[in-house]
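J.: quick check, what structure comes out for this input:
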Amino acid sequence: QVQLVESGGGSVQAGGSLRLSCTASGRTFSNYAIGWFRQAPGKEREFVVAISLSGDSTFYANSVKGRFTISRDNAKNTVYLQMNSLKPEDAAIYYCAASPIYLVVRKTQYNYWGQGTQVTVSS
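T.: Model prediction:
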């Protein structure tokens with residue numbers, strides 16, 4: 001089992017920044033790729049970004065490319081999501097998830113999920 005806890009959500013104005021954290025406990029964190037997903041009201045949960053086991057590879061959704069940056073610190077069992085130039089359409093609950101598969105985008109390929117953290121962006 002891997003337990004994931006997200007933090008860092010909040011309310012910002014459009015153009016602002018937030019940094020989300022995903023901290024893991026349980027099984028060896030470095031054995032898992034980590035992905036961030038988000039879900040807005042009335043919409044399906046969508047892929048945002050993923051990072052490989054070692055952190056040397058990443059994959060971003062087009063909607064966040066150039067604005068969001070993912071990183072990980074395996075010594076701290078934590079993945080970070082730096083979100084800059086936030087837009088109202090970025091508002092959602094953000095979830096981190098762990099997968100034993102390399103850089104995948106499908107929700108079904110992630111075994112473990114956190115409870116989510118709310119991000120609100122006002123225009």
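J.: leaving out sequence neighbours, find the closest residue to F29.
T.: N77 (4.3 Å; C-beta to C-beta, 6 or more residues apart in numbering). Quick note: C-beta positions are derived from backbone N, CA and C, even for glycine.
J.: not counting sequence-adjacent ones, nearest residue to Q82?
T.: In space, Q82 is closest to T69, 4.4 Å off (C-beta to C-beta, 6+ apart).
J.: report pLDDT for the residue of the chain most remote from its centre.
T.: With distances taken as C-alpha atoms, centre = their mean, the residue sitting farthest from the centre of the chain turns out to be S123, at 22.6 Å. What the model reports for S123 is a pLDDT of 92.
J.: check V2 too.
T.: For V2, pLDDT reads 92.
J.: ok, it - contacts?
T.: A24, S25, G26, R27, F29, Y32, A98, N111, Y112 (C-beta atoms under 8 Å, 6 or more residues apart in numbering).
J.: any idea what A33 is bridged to?
T.: S99 (DSSP bridges).
J.: contacting residues for it?
T.: A50, I51, S52, L53, A98, S99, P100, I101, Y102, L103, V104.
J.: again, only using 10 Å
T.: 50-55, 57-59, 72, 79, 97-104, 109-110 (C-beta atoms under 10 Å, 6 or more residues apart in numbering).
J.: equivalent analysis for L103, please.
T.: Counted by C-beta under 10 Å, 6+ apart, L103 has contacts A33, I34, G35, V49, A50, I51, S52, L53, S57, T58, F59, Q109.
J.: find the centremost residue of the chain, please.
T.: W36 (2.5 Å).
J.: that residue sits in which helix or strand?
T.: strand 33-39 (DSSP states H and E).
J.: what about the strands in this structure?
T.: Listed in chain order, the strands of the chain (DSSP state E) span 2-7, 10-13, 18-26, 33-39, 46-51, 58-60, 68-73, 78-83, 92-99, 112-113, 117-122.
J.: can you list the buried residues in stretch 15-27?
T.: Neighbour counts over stretch 15-27 (16 or more other C-beta atoms under 10 Å) mark L18, L20, S21, C22, T23, A24 as buried.
J.: distance to E44 added to those residues, as a markdown table?
T.: Formatted as a markdown table, the buried residues of stretch 15-27 follow (distance: C-beta to C-beta, whole Å):
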| residue | distance to E44 |
| --- | --- |
| L18 | 22 |
| L20 | 20 |
| S21 | 24 |
| C22 | 21 |
| T23 | 26 |
| A24 | 25 |
